[in-house]
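Visitor: sequence first, predicted coordinates after that:
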Amino acid sequence: MKTVALIEDDNDLFTLLKYNLENEGFRTVGSQTGKGAVELCRRERPDVVILDIMLPDSDGIDICREMRASPDLAHTPVIFLTARASESDRILGLELGANDYVVKPFSVRELIARVRNQMRAPAASARVLRCDGLELERDSCRVRLHGKALTLTATEFRLLEFLMSRPGVVFSREQLLDYVWGVDRAVTDRTVDVHILRLRQKVEADPASPAMIRSVRGFGYLFDSAEAEAPQPQN
């Protein structure tokens, strides 16, 4: 049975969605506050998360950021459920890692169809990540640019792999430090900037105007997936 995590503070809407999801055969777990939402998802490992942005005690965007920085939740589909309908809000939500964005008021049937769409079996984890001539081999820890081998440090490789495997998702410096350097680190945010600069010098055609490893003012960094090629699944 597939599991849906529902994070929604409106009691009537929470009850309505829980009833309809379970009526459609889904197991539903959830919370009506943002506190503990990430821990709930880590514990329950849902197949899809329906996440309200405007929660009483936290911001759904921050919850999504934390999920995307967590190795065990980074690929869990997230559907934002919100009253924020502007184009800028939609773009921000998708850039921060949401898989879909549903504006209130909405059709329950349509939402359930979107949940089913996100549950389609994903391709196996890619052994090789590719983008615009850049190729990263996970098994051998090798990186090539237009067929030429690049020399990366272990930290540079982990940073590049993390970003390439989550294209289009914006990560803060703090999130990158947690994942790449670990929580018991003795480095500062500036360390991320230095490593990003070094990576750009190695993988970008024009490091001063990067096309792949991009800065997002006020947020952090993302790997631009505009030129990304389809990943090669495991056999």
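Guide: Thanks, I have the structure now. Residues are numbered from 1 along each chain as shown.

Visitor: okay, CA-based contacts and neighbour counts for the rest of this
Guide: Fine.

Visitor: for the residue of the chain most remote from its centre, list each beta-bridge partner.
Guide: For the chain, the residue at maximal distance from the C-alpha centroid (C-alpha atoms, centre = their mean) is residue 148, at 29.5 Å. Counting by DSSP bridges, residue 148 is bridged to residue 145.

Visitor: what do you get for residue 222?
Guide: Beta-bridge partners, per DSSP bridges, of residue 222: residue 214.

Visitor: point out where the protein drops to low pLDDT.
Guide: 85-89, 92-93, 95-96, 121-126, 182-186, 225-235 (pLDDT under 70).

Visitor: show me how it divides into domains.
Guide: In the domain annotation for the chain, the residue ranges read 3-118, 128-223 (automatic domain parsing).

Visitor: which residues are contacting stretch 159-176?
Guide: For stretch 159-176, the surrounding residues in contact (C-alpha atoms under 8 Å, 6 or more residues apart in numbering) are 65-66, 68-69, 74, 94-97, 129, 136, 138, 180, 189, 192, 199, 216, 219-225.

Visitor: in helices, which of these fall?
Guide: Counting by DSSP state H, the members of those that fall within helices are 65, 66, 68, 94, 95, 189, 192, 199.

Visitor: filter those residues to the buried ones?
Guide: Buried subset of those (neighbour count, 16 or more other C-alpha atoms under 10 Å): 65, 66, 68, 94, 95, 192, 199.

Visitor: using JSON lines, lay out those residues together with distance to residue 50.
Guide: Formatted as JSON lines, those follow (distance: C-alpha to C-alpha, whole Å):
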{"residue": "65", "distance to residue 50": "14"}
{"residue": "66", "distance to residue 50": "15"}
{"residue": "68", "distance to residue 50": "15"}
{"residue": "94", "distance to residue 50": "14"}
{"residue": "95", "distance to residue 50": "17"}
{"residue": "192", "distance to residue 50": "31"}
{"residue": "199", "distance to residue 50": "35"}
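
Visitor: what's the farthest-apart pair in those residues?
Guide: Distance extremes for these: the farthest pair is 94 and 199 at 25.1 Å, using C-alpha to C-alpha.

Visitor: ok, now how distant is residue 165 from residue 142?
Guide: 15 Å (C-alpha to C-alpha, to the nearest Å).

Visitor: perfect, I'm done here.
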